[in-house]
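# Below are the sequence and a predicted model for it; my questions follow.
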Amino acid sequence: MPALRELVELCSFLDVTDLHQALLDLFGPVTLGRLAAASGQLHNRVQWMVQRLKTHRDGLKEDLFFFCGRCAMKTIQGGVLRNGAWSTPQIPGRPTRNQGWLPSPELPTPRFAAAAAVLGKDILVMGGYGGMDLDVTEKFDPVTNRWSRPPELQLSCARSECAAAVLDARVYLVAGTSWGKEISLVERCDGRGWEEVEPLSLARSGCAAAVTGGHLYVVGGFARGDSLRLFERFDGSKWTQLRPTLTGRWSCAAVGLQGSIYLCGGYNGGVPLDSVDRYDPRFGWWERVATLPTPRKRIAALAREDTLYIMGGFDGSQTTSVSEQLVLPSKKWKTSELPVATEWGAAVRVLR
């Protein structure tokens, strides 16, 4: 049965938090329900794979990394912050150690408006602006705490204000600006080099990218003097335009979580935005789900379990160190501070 082979492949790389929605996308709710009811063996196999993924995940160490970008004094930074508060398993009767954000080895090439993504066990930081647009890709090993610059990962062109996400064990680097010109270039990397894929329909900078349900989504951006409402999906070979966003924006952040795309903050050409919007692929429309306590652009965001983290940025008057976390089940916000006020940063989550 082809669907079963697809299911096995799916379970081999999907984040557990996205598994339920991906199964629905693959089988459909009716078919999945019938398969589970008609075949106890299939149902038990799926449950076993889910439990195995959960056990494997729970046994991993987890770190959040934040790449600082540009600080409040408008100086370019190579600072890297690491939060390993979840790396130490909780011991009964003893409080969990929360070490918060701590310095990590700095980027060899200071820059801002770069893109970052996790490929395997390594972090790639790609492009950015360091006095000029850069074609540099630097790789960080969280285990050895060492940076390297593999020559095969050098970008085909210098670019900043680009976006990155990981689909099917490959990093996709999307759009940006190169020497003052917006580009539509999309490339992907498996760790051995870059290859071009179909470009975006419109050259742009400042867009956001995220993955959920086995698809890459690119949202918003800036082109021809306008903030864009464009929203596109890539299936591995071609782009499809989807329902536009509620508000045109760029310098925003997008995160894939639990089968949906969450679009946070950004800039519409007038003021920094405070909206958090959600796109559910099952229904194909956008909805407003929350309001950022601190409206801002040039932000970084990531997801951990059922929580969105929105960090740093520019609030319209100053660069900020605020980090706000939206707990999705309750729609309540928590607020903390980064050690430094920073904008145009990037953030990733690493399991190892």
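Now that the structure is in, tell me what you want to look at. Numbering: from 1, shown residues only.
# contacts and neighbour counts: CA atoms only from here.
Fine.
# From Asp63, how far off is the nearest residue to Gly100 once chain neighbours are set aside?
Excluding the flanking residues, the one nearest Gly100 by C-alpha to C-alpha, 6 or more residues apart in numbering is Asn83, at 5.3 Å. Distance, Asn83 to Asp63, using C-alpha to C-alpha, to the nearest Å: 6 Å.
# now Ala301
In terms of C-alpha to C-alpha, Ala301 sits 14 Å off from Asp63.
# Same drill for those two, tell me which one is more crowded.
With neighbours defined as other C-alpha atoms under 10 Å, Ala301 and Asp63 compare such that Ala301 has more, 25 against 18.
# May I have the beta-bridge partners of the more buried one?
Bridge pairing for Ala301 (DSSP bridges) gives the partners Ile310.
# One more: Phe222?
Ser205, Ser227.
# Correct me if wrong: it contacts Leu202.
No - the pair Phe222 / Leu202 is not scored as a contact, 9.9 Å apart, by C-alpha atoms under 8 Å.
# Mind checking which of the two has more residues around it?
With neighbours defined as other C-alpha under 10 Å, Phe222 and Leu202 compare such that Phe222 has more, 27 against 16.
# Now stretch 64-82 - C-alpha only, PDB.
C-alpha atoms of stretch 64-82 as PDB (Å, rounded to 0.1, in the frame of the first residue of the first chain):
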ATOM      1  CA  LEU A  64      17.700  27.600  21.500                       C
ATOM      2  CA  PHE A  65      20.200  29.800  19.600                       C
ATOM      3  CA  PHE A  66      19.800  33.500  19.000                       C
ATOM      4  CA  PHE A  67      22.100  35.400  16.500                       C
ATOM      5  CA  CYS A  68      22.100  39.000  17.600                       C
ATOM      6  CA  GLY A  69      22.200  41.000  14.300                       C
ATOM      7  CA  ARG A  70      22.400  44.700  14.900                       C
ATOM      8  CA  CYS A  71      22.400  46.200  18.400                       C
ATOM      9  CA  ALA A  72      20.800  49.400  19.700                       C
ATOM     10  CA  MET A  73      24.000  51.500  18.900                       C
ATOM     11  CA  LYS A  74      23.600  50.500  15.200                       C
ATOM     12  CA  THR A  75      26.700  48.400  15.300                       C
ATOM     13  CA  ILE A  76      26.900  45.100  13.600                       C
ATOM     14  CA  GLN A  77      27.200  42.100  16.000                       C
ATOM     15  CA  GLY A  78      28.600  38.600  15.900                       C
ATOM     16  CA  GLY A  79      27.100  37.800  19.200                       C
ATOM     17  CA  VAL A  80      25.400  34.400  19.700                       C
ATOM     18  CA  LEU A  81      23.200  33.500  22.700                       C
ATOM     19  CA  ARG A  82      22.400  30.000  23.700                       C
END
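# which residues does the residue nearest to Gly100 contact?
By C-alpha atoms under 8 Å, 6 or more residues apart in numbering, the residues touching Asn83 are Asp63, Leu64, Phe65, Gln99, Gly100, Trp101, Leu102.
# so what's the second one up against?
Contacts of Leu64 were listed using C-alpha under 8 Å, 6+ apart, and they are Arg82, Asn83, Gly84, Ala347, Val348, Arg349, Val350.
# now the fifth one
With contact taken as C-alpha under 8 Å, 6+ apart, Gly100 is in contact with Arg82, Asn83, Gly84, Ala85.
# what about 7 Å?
Contact analysis of Gly100 by C-alpha atoms under 7 Å, 6 or more residues apart in numbering lists Asn83, Gly84, Ala85.
# Make a markdown table out of the residues you listed and add distance to Gly312, secondary structure and pLDDT.
Putting the contacts of Gly100 into a markdown table (distance: C-alpha to C-alpha, whole Å; DSSP: H, G, I helix; E, B strand; the rest coil; pLDDT from 0 to 100) gives the following:
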| residue | distance to Gly312 | secondary structure | pLDDT |
| --- | --- | --- | --- |
| Asn83 | 15 | strand | 93 |
| Gly84 | 19 | coil | 86 |
| Ala85 | 19 | coil | 75 |
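# Which helix or strand lies directly C-terminal to the host helix or strand of Gln325?
Remark: Gln325 resides in strand 322-327, with elements defined by DSSP states H and E. For strand 322-327, the following helix or strand on the C-terminal side (DSSP H and E) is strand 332-337.
# same for that following strand, what does it pack against?
Judged by 3 or more C-alpha pairs under 7 Å, 6 or more residues apart in numbering; DSSP states H and E, the packing partners of strand 332-337 are strand 322-327.
# For the strand it packs on, name the packing helices and strands.
Checked by 3+ C-alpha pairs under 7 Å, 6+ apart, strand 322-327 has strand 307-311, strand 332-337 packed alongside it.
# Show me what secondary structure element comes after the longest one.
Think strand 332-337. Past strand 332-337, the next helix or strand by DSSP H and E is strand 342-343.
# what's in contact with that following strand?
Taking C-alpha under 7 Å, 6+ apart as the rule, strand 342-343 contacts 68-72, 298-299, 312-314, 319-321.
# how far does stretch 228-237 sit from the chain's center?
15 Å (C-alpha atoms, centre = their mean, to the nearest Å).
# Flag every buried residue along it.
Buried residues in stretch 228-237, counted by 16 or more other C-alpha atoms under 10 Å: Leu228, Arg229, Leu230, Phe231, Glu232, Arg233, Phe234.
# what about that stretch, average pLDDT?
Mean pLDDT, stretch 228-237: 94.
# Thanks again, I'm all set now.
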